[in-house]
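[1] Based on what follows, work out the 3D shape:
(chains A and B)
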Amino acid sequence: MKAFVGFIKKEFYHIFRDKRSLFILFGMPIAQILLFGFAITNEINNVDIAILDHSKDATTKEIINKIAASPYFSIQDFVESEKDVESVFQKGKVKAVLNFEKDFSKKLNGKYQATVQIITDATDPNTANTISNYVSAILGNYQQGLNIDFQIPYQIKPSSRMMYNPELKSVFMFVPGVMTIILMLVSAMMTSISITKEKELGTMEILLVSPLKPYEVIIGKVIPYIFLSLINATIIVVLSIFVFKMPVEGSLLLLALESILFILSALALGILISTVSTTQQTAMMISLMGLMLPVILLSGFIFPLSSMPMPLQIISNIIPAKWFIIIIKSIMLKGVGIAFIWKETLILLGMTLFFMVLSIRKYKIRLE
Amino acid sequence: MKPENVIEVENLSKQFGNFKAVDSISFELKKGEIFGFLGANGAGKTTAMKILIGISHPSSGKARVAGFDVYKETENIKKNIGYMSQKFALYDDLTVRENIMFFGGIYGLSRKIIKEKTKALEEELQLQDISNQLVGSLPLGWKQKLSFSVALLHQPKIVFLDEPTGGVDPITRRQFWEMIYKAADQGTTIFVTTHYMDEAEYCDRVSIMVNGRIEALDSPKKLKQQFQAESMNEVFLKLARG
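    Numbering: from 1, shown residues only, chains lettered A, B, ... in the order given. Next up is the predicted model:
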């Protein structure tokens, strides 16, 4: 037992004396969560637009004022003709141009119909789409004001309510994903690198010749990373609560237990990787290509799974991260208990056991 | 097992598929002996040594190390042997003292004993000034001496040295062999593999392995007489060329 404690102490020396691993351990989670929280969002804010007003009458002025007053847009430029539209886009000054047709007010009052063309810079398709939707919403709103005394005889009014994330904050979607990535990175990549490092330096041989049992060596190497992963998970949750006002509706204990389960599955994968690689570089490459890429692409973290082709959807089922993301989203946003996520938990548990048995067997074969 | 023997090997073999890496080797080692285990690369030295240090199982034959069976009692073997590899594997990012503390710890030495040993070692190797330095900053010769001392920390009956002088300058090699003699004088058996033939001359007895078999085993003096050779190098070449 004492030998074991000494082993863990040594492992912490390794971690705390290596600036690179310290950065991955503590810099990465904070940097990633802030990056995803602040920089990468699907919302638009203060988008620069230009106006091409062919009529310059009372109505267009009113609409332009309405748009200028909204927090989503800021009017940067007024262009005089269609010819100038292209050039303002090319300069990259604005993301959209609103083109009001000639005699706007007259047509609206006479024929009850007038057109505004929304021209967007679709080099960034998502933003272009969002801008177009927001402008339409503002125009619709204005139109409703005009029709106030007038009722259309048949009306179906959609009334939508966004449950669990009423403000549609994208950070709510990213936090579970970032947490998954970080736990995977720390648990799987860092452990596989630290085990292969001992192999590379020849110290693993010394440890195997010592009275320490092989499983003690592995557990000793893994325990510090379980501990650090939990600290990381805590940092992420605390940041998301206090900086991004993300709710944790469900039980924190359940969240912690599920996180431990996921950490264990990632550790087992890390050990498995270390049994097949002889150098740190290989371990890192396998971790990045074999684990991180699928986590980012196929876990439903950034790209919705339901819109993927069938084969990819099927493949996504074997990625532990997919199930973990479903679990944490359910706990944090929906506030459900184990009764609603036992199926996902069971799948994750099964995967964890499978990877553990596999890595133990691989490890034994290597020793023979 | 005879009381004066610390290693007894009888018809030991290790087979990988159709390839016999170790082919029915037999030898005995006495307490305090310095035994040179020679052979070209791929002759089966490392495989044989792995069996004796308890990290590989033999295919057939018998072997006892420090009185324990290599099939069933590897745990006990591990407690009674020391091992130093050609990489002088210490932790570069730990200080000299932390390395001693760690390796002493995994052999189950108490804190008090480790402290005493550290002090004794510091005096013996004149490490006082550098014992709080990271091992990574030490020259290779220092690492090698330290690595050997660490392998002796738990007073093993036998120390296995796997090409312990690779890449080290001749003066340091000479100093290192003085350390080996000292350990042998104190009753530790030394089992050393090397490919420096001048070092073979320093051993009490040497064995030469060719293609998995031990082709010669005796004191360097007798081997030179037997093969009518001037040096161990000649003996080795005569054997290896067949």
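
[2] low pLDDT regions in chain B?
    For chain B, applying pLDDT under 70 flags the ranges B:1, B:242.

[3] near chain A, which residues of chain B show up?
    On the criterion CB under 8 Å from any CB of the partner chain, chain A has as its neighbours in chain B the residues B:53-57, B:75, B:78-79, B:81, B:83, B:85-87, B:89-94, B:98, B:101-103, B:105-108. (C-beta placed from N, C-alpha, C; glycine too.)

[4] So how do I select the buried members of the residues you listed in ChimeraX?
    In ChimeraX, the members of the residues of chain B next to chain A classed as buried (16 or more other CB atoms under 10 Å in any protein chain shown) are selected with the following command:
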select /B:53,54,55,56,78,79,81,83,85,86,87,89,90,91,92,93,94,98,101,102,103,105,106,107,108
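
[5] The longest helix seen in chain B packs against which elements?
    Looking across chain B with DSSP state H, the single longest helix is helix B:170-185. On a contact count with 3 or more CB pairs under 8 Å, 6 or more residues apart in numbering or on different chains; DSSP states H and E, helix B:170-185 meets strand B:34-39, helix B:140-151, strand B:189-193.

[6] just how off-centre is it within its chain?
    Centroid displacement of helix B:170-185 relative to its chain, using CA atoms, centre = their mean, to the nearest Å, is 13 Å.

[7] Repeat that for stretch B:102-114.
    21 Å.

[8] ok, now which ones touch the most centrally placed residue in chain A?
    The central residue of chain A, meaning the one whose C-alpha is nearest the mean C-alpha position (CA atoms, centre = their mean), is residue A:174 at 3.0 Å. Contact criterion CB atoms under 8 Å, 6 or more residues apart in numbering or on different chains gives A:33, A:36, A:37, A:40, A:301 as the residues in contact with residue A:174.

[9] okay if I get these as a markdown table plus pLDDT?
    Listed next are the contacts of residue A:174 as a markdown table, based on pLDDT from 0 to 100:
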| residue | pLDDT |
| --- | --- |
| A:33 | 82 |
| A:36 | 78 |
| A:37 | 75 |
| A:40 | 64 |
| A:301 | 80 |
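
[10] who wins for neighbours among these?
    Most neighbours among the contacts of residue A:174, by other CB atoms under 10 Å in any protein chain shown: residue A:33, with 24 neighbours.

[11] Quick check: the gap between residue A:275 and chain B.
    Here residue A:275 is placed at a distance of 15 Å from chain B (CB to the nearest CB, to the nearest Å).

[12] my guess is that residue is in a helix, correct?
    Yes. With DSSP: H, G, I helix; E, B strand; the rest coil as the criterion, residue A:275 is assigned to a helix.

[13] That one is in contact with residue A:361, isn't it?
    No. If you go by CB atoms under 8 Å, residue A:275 and residue A:361 don't touch, sitting 9.2 Å apart.

[14] which of the two has more neighbours?
    The residue with more neighbours, out of residue A:275 and residue A:361 and counting by other CB under 10 Å, is residue A:275; that gives 22 against 12.

[15] And the strands in chain B?
    Listed in chain order, the strands of chain B (DSSP state E) span B:5-16, B:19-30, B:34-39, B:60-65, B:68-69, B:81-84, B:158-162, B:189-193, B:205-210, B:213-218.

[16] any chance of those in a markdown table, with distance to residue B:131 too?
    Converted to a markdown table, the strands of chain B look like this (distance: least, CB to CB, whole Å):
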| stretch | distance to residue B:131 |
| --- | --- |
| strand B:5-16 | 32 |
| strand B:19-30 | 34 |
| strand B:34-39 | 29 |
| strand B:60-65 | 33 |
| strand B:68-69 | 34 |
| strand B:81-84 | 19 |
| strand B:158-162 | 22 |
| strand B:189-193 | 26 |
| strand B:205-210 | 36 |
| strand B:213-218 | 41 |
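
[17] and residue A:16, which of the ones you listed is closest to it?
    Counting by CB to CB, residue A:16 lies closest to strand B:81-84 out of these; the figure is 27.5 Å.

[18] what separates the closest one from the chain centre, distance-wise?
    Put simply, strand B:81-84 sits 7 Å off its chain's centre (CA atoms, centre = their mean).

[19] now swap in stretch B:7-27 and tell me
    When distances are taken as CA atoms, centre = their mean, stretch B:7-27 is centred 19 Å away from the chain's centroid.
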